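# Mind folding the following:
(one chain, ligands or ions: 1)
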Amino acid sequence: MNPREMPKLALRPMLPADPPFLAEIFRASIEDLTADDYSAAQQEAWASAADDEEEFAAKLAGELTLVATFGGAAVGFASLADNTRIDMLYVHPTAAGQGAGAMLCDALEKLAGARGAKELTVDSSDTARGFFDKRGYVAKTRNTVTVGDEWLANTTMVKPLGDEGGNDAATDGDRESAS
Ligand SMILES: CC(C)(COP(=O)(O)OP(=O)(O)OC[C@H]1O[C@@H](n2cnc3c(N)ncnc32)[C@H](O)[C@@H]1OP(=O)(O)O)[C@@H](O)C(=O)NCCC(=O)NCCS
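Numbering: from 1, shown residues only. Next up is the predicted model:
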């Protein structure tokens, strides 16, 4: 096959038709990827955030939401709230481990930096903790949140963003951490 025709990972902003597909990714990601860290009841409570698809869509539309595609099909998404916090980051289990999460997170870090954020925060799931560790996020506090009848643990992690944020010339590679 011509390498130019090989399906590639790409990013685009969320479109109005996306939320039902993103809700599917959200549920599948929680169900298949987080079982080592959360009980079935906890996973169910977590995934129930997409039960009301209108509310789910409104939440994503109210944030800066990017979609990762592979060969044009949505395989993951991430959202930035208040230009300071990664709210959601979910990759479909069939696409996990292929760079979509990193591509989404890179883009949010660059966008937040370009808009003046000095640091980015995430309440990381226990599942994603290693992912954020690797990207230079530092654990600050351990939290327990209630969702329905369930208690779920997560960790607030923070990454300082470089000063060169909005510079187009600085779009490749990892951003240097402010020291
Ligand atoms: C966390 C998540 C978004 C990562 O997405 P992904 O597309 O699988 O990650 P990538 O393929 O881009 O991985 C990037 C790097 O992080 C590493 N990595 C990914 N997940 C990791 C984990 N859980 N622990 C440690 N390292 C991890 C990869 O090995 C890769 O390393 P490399 O650059 O040395 O090759 C995905 O696993 C997911 O959706 N998890 C379930 C939902 C969840 O917990 N979301 C977070 C809510 S805060």
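
# Would you mind listing where this structure has pLDDT under the threshold?
1, 3-4, 163-179 (pLDDT under 70).

# and it, which residues reach the ligand?
Within the chain, the positions lying close to the ligand (C-beta under 6 Å from any ligand atom) are 29, 33-34, 89-91, 96-102, 122, 124-125, 127-128, 130-131, 134. (C-beta placed from N, C-alpha, C; glycine too.)

# what do you get if the cut-off is 5 Å, keeping everything else the same?
By C-beta under 5 Å from any ligand atom, the residues of the chain that approach the ligand are 29, 33, 89-91, 96-97, 99-102, 124-125, 127-128, 130-131.

# Tell me which of those residues fall in strands.
89, 90, 91, 124, 125 (DSSP state E).

# Widest-spaced pair of these?
91 and 124 (14.2 Å; C-beta to C-beta).

# Show me how to select, in ChimeraX, the buried members of the residues of the chain next to the ligand.
To isolate the buried members of the residues of the chain next to the ligand in ChimeraX, using 16 or more other C-beta atoms under 10 Å:
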select :29,33,89,90,91,96,100,101,102,124,125,127,128,131
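
# Among the residues of the chain next to the ligand, which are located in helices?
Applying DSSP state H to the residues of the chain next to the ligand, the entries found in helices are 29, 33, 100, 101, 102, 130, 131.

# And the helices in the chain?
Using DSSP H, the helices found in the chain span residues 19-33, 40-47, 53-61, 100-114, 129-134.

# could these be laid out in JSON lines, adding distance to residue 72?
Converted to JSON lines, the helices of the chain look like this (distance: least, C-beta to C-beta, whole Å):
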{"stretch": "helix 19-33", "distance to residue 72": "12"}
{"stretch": "helix 40-47", "distance to residue 72": "26"}
{"stretch": "helix 53-61", "distance to residue 72": "20"}
{"stretch": "helix 100-114", "distance to residue 72": "14"}
{"stretch": "helix 129-134", "distance to residue 72": "25"}
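
# Format the CA atom coordinates belonging to stretch 45-52 as CSV.
Output of stretch 45-52 as CSV, limited to C-alpha atoms (Å, rounded to 0.1, in the frame of the first residue of the first chain):
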residue,chain,number,x,y,z
ALA,A,45,-21.0,4.7,38.2
TRP,A,46,-18.2,6.5,36.3
ALA,A,47,-19.6,5.6,32.9
SER,A,48,-23.1,6.7,33.9
ALA,A,49,-21.8,10.3,33.3
ALA,A,50,-22.7,9.6,29.6
ASP,A,51,-26.2,8.3,30.2
ASP,A,52,-27.8,11.6,29.6
